[in-house]
Structures are given as C-alpha cells and as structure tokens.
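K.L.:
Sequence first, then the predicted structure, then my questions.
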Amino acid sequence: MKLLRKIKETIITNLGFAKFAENYIRNEARFYVAQINRCQQNNLSTMMLHQKTFNQFKCKHRNQDIVIVATGPSANNYQPIPNAIHIGVNRAFQMNKVDFDYYFIQDFSGKTPEYIDQLDDYNKDSCIKFYGLTNEWIYDSNRTIPETHAVRANALRYRTDWADISGFFSKFAYDISTQPLGCFGSIVFPALQFALWTYPKRIYLVGCDCSLSGYAYDPNDKNYLIPNDIIAAYKSFKDFAHKYYPDVEIISINPVGLKGMFKDEYQ
C-alpha cells in the first residue's frame, strides 16, 4: 500500500509540474510571437520610412569630400576643408565653424532639449536635417524627438537599431533605404552610414575624439560614453566600409582615441 501511495503521489506531482511547464511554455510562446509580430511591423514601417528619407541621396556626393563634425575638443582646431560637404551632429553647429549641409540628432533624453529650438531654425533653406528615432526597442519615450520639432525643422525621420534587449548588438546597415541605421550608442555612426550611402571620394572625421576629455563647446562637460566601446565600434565600421566601399578613403583630422585607426592628418 505504501508503494502504491508513493507512486500515486509521484504521478500527481509530475502531472502538476507538467501542467505548470505547459502553461509556462505557452505564455513564453505568446510573448515571443508578440515580439516577432512587432518586429515585423517595425521593419515594414522602417523600410517605408527610409525609402522616403534616404533613396534621394543614393550616390549623391560621388567623387566629393564629406566631413563629419562631432563635438570632441579637437574640433576647435579644425580648419574647414574647401568645397567639402559638411555633416554636423549634436551641438557642432554652435561652434560656428562651417555652414552645415546635413545634420543628425537622435536622442532627446540627453542634452538635446537645451539646444533643439536653435537647431530647428538653423539654416532651414540650406541644411537638410535628420531627426532619428531611438526608442523603438527600449521602451523609453523620453528619447523620442517630438514631432513638433521635426515639423518645425523640416527634418527627415529615420530609425536606429538601438535596443535594450539581452544579447542585442548593433549592426551597420548596407542598405539604409530599407534597414535601421546601426547606432552603437553614438550619433556619429548613423551619420557615417549616410555618408557612405552618398558614395563620396573621402570621409573626414572631425571631433571624433573617443576620450573622456569633454567637448569642444565645454571642456568640463565630461563625455559619458566609454571610449573603448566606441573605439571598438569604429573598428567594426572600418571593416564594414572596407568591405562595401573599398575605394572610399576615411581620414581622421587631429585624432585622439582614433589615432592609427584610419589615415591620420593634422592641422
């Protein structure tokens, strides 16, 4: 009798565990199906958005030079390259170095609200602005640049692949007319993917210091990005650019953390 009772208890216990496991698996499956469906919707939306935003710029600057101006302290020493196309990011326009042809911003949760009104009105007739969306997979609506600003700036919208998901890592987009732009935690990388898309002769990097030494507009305002992580992302970009655009030369002006990564030039 004791043996039969033990067998019965074991069966009941196992059946209970099996039921629990079945319910757990079913709930997990529902969650991942919902995530997959959302991912598909997001990919379709991104493709439609990016075809409108980026198709018009494919190979637009062939055989021209493009300068991407970030806000590291070395940007203060930049001497503008004549006849080059200039792309600015974040607060670069406040340095009054050049009149920018293009502009990229994307994270509204940082210091962007401090200067976005000024950027909205910056050179509306000559500067094409791109206002990115970085909140698609991190559930933080505070990162989203309000549409009010995009409309006021006549800005084109784009999406990045930045996500706060376990095991996630950014990837550079070869076809930016259909894919989200690889973010890697820095606005410079979407700007670089756009620059390659226009197929220039050379890309110059200015103010991409990859250091903790502050910014060109304020040396006491320390950079929160970890230089080693960003430098590793630049190495990945170098490999990406060499694979898909081997004839596009990339040059660092007055490099700091990127010294030796690309061709170095000093002013």
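P.N.:
In hand now; what should we look at?
K.L.:
so what's the spatially most central residue of the chain up against?
P.N.:
In the chain, the centroid-proximal residue (Cα atoms, centre = their mean) is residue 183; its distance is 2.3 Å. With contact taken as Cβ atoms under 8 Å, 6 or more residues apart in numbering, residue 183 is in contact with 106, 134, 160-162, 170, 189-190. Any C-beta I mention is one placed from the backbone N, CA and C, and that applies to glycine too.
K.L.:
just residue 54 next, same as before
P.N.:
158, 176-177, 194, 197.
K.L.:
ok, now residue 181?
P.N.:
Here residue 181 is in contact with 132, 158-161, 173, 189-190, 193-194 (criterion: Cβ under 8 Å, 6+ apart).
K.L.:
Out of the contacts of residue 54, flag the one nearest to residue 242.
P.N.:
residue 197 (15.9 Å; Cβ to Cβ).
K.L.:
ok, that closest one - how many residues close by?
P.N.:
Here the number of neighbours of residue 197 (other Cβ atoms under 10 Å) works out to 22.
K.L.:
what do you get for the one 10 residues further on?
P.N.:
Residues within reach of residue 207, counting by other Cβ under 10 Å, total 27.
K.L.:
and what of residue 245?
P.N.:
17.
K.L.:
That one and residue 196 touch, don't they?
P.N.:
Yes. In this structure, residue 245 is within contact of residue 196 by Cβ atoms under 8 Å, at 5.3 Å.
K.L.:
bridging residues for residue 104?
P.N.:
residue 89, residue 130 (DSSP bridges).
K.L.:
For residue 148, see how far away it is.
P.N.:
Taking Cβ to Cβ, to the nearest Å as the measure, residue 104 falls 19 Å from residue 148.
K.L.:
Same check on residue 240?
P.N.:
Applying Cβ to Cβ to residue 240 and residue 148 gives a distance of 35 Å.
K.L.:
who's more crowded, the two?
P.N.:
A direct count of neighbours by other Cβ under 10 Å for residue 240 and residue 148 places residue 240 higher, at 19 against 10.
K.L.:
In contact with that one, which residues?
P.N.:
residue 172.
K.L.:
which SSE is it in?
P.N.:
helix 227-244 (DSSP states H and E).
K.L.:
counting contacts, what elements does whatever helix or strand comes next after that helix pack onto?
P.N.:
Where DSSP H and E defines the elements, the next helix or strand beyond helix 227-244 is strand 249-253. Judged by 3 or more Cβ pairs under 8 Å, 6 or more residues apart in numbering; DSSP states H and E, strand 249-253 is in contact with strand 202-206, strand 263-265.
K.L.:
Sheet partners, orientation included, of the shortest one?
P.N.:
For strand 263-265, the paired strands and their directions (DSSP bridges) are strand 249-253 (parallel).
K.L.:
Quick one: mean pLDDT for the strand it pairs with?
P.N.:
What strand 249-253 shows for mean pLDDT is 98.
K.L.:
Please compute how far it lies from its chain's middle.
P.N.:
A distance of 20 Å separates the centroid of the chain from that of strand 249-253, by Cα atoms, centre = their mean, to the nearest Å.
K.L.:
related to what we said a few turns ago, highest average neighbour count across the helices and strands packed on strand 249-253: which stretch is it?
P.N.:
strand 202-206 (a mean of 25; mean count of other Cβ atoms under 10 Å).
K.L.:
Show residues contacting that strand.
P.N.:
65-70, 74-75, 78, 81, 84, 188, 192, 195-196, 248-255, 258, 262, 265.
K.L.:
change it to 6 Å
P.N.:
For strand 202-206, the surrounding residues in contact (Cβ atoms under 6 Å, 6 or more residues apart in numbering) are 65-69, 75, 78, 195, 249-253.
K.L.:
which among those residues end up buried?
P.N.:
Buried members of the contacts of strand 202-206, scored by 16 or more other Cβ atoms under 10 Å, are 65-69, 75, 78, 195, 250-253.
K.L.:
how about CSV for these, with distance to residue 236 added?
P.N.:
Shown next, in CSV, are the buried ones among the contacts of strand 202-206 (distance: Cβ to Cβ, whole Å):
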residue, distance to residue 236
65, 23
66, 20
67, 22
68, 17
69, 22
75, 23
78, 25
195, 16
250, 13
251, 18
252, 16
253, 21
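K.L.:
Good, wrapping up.
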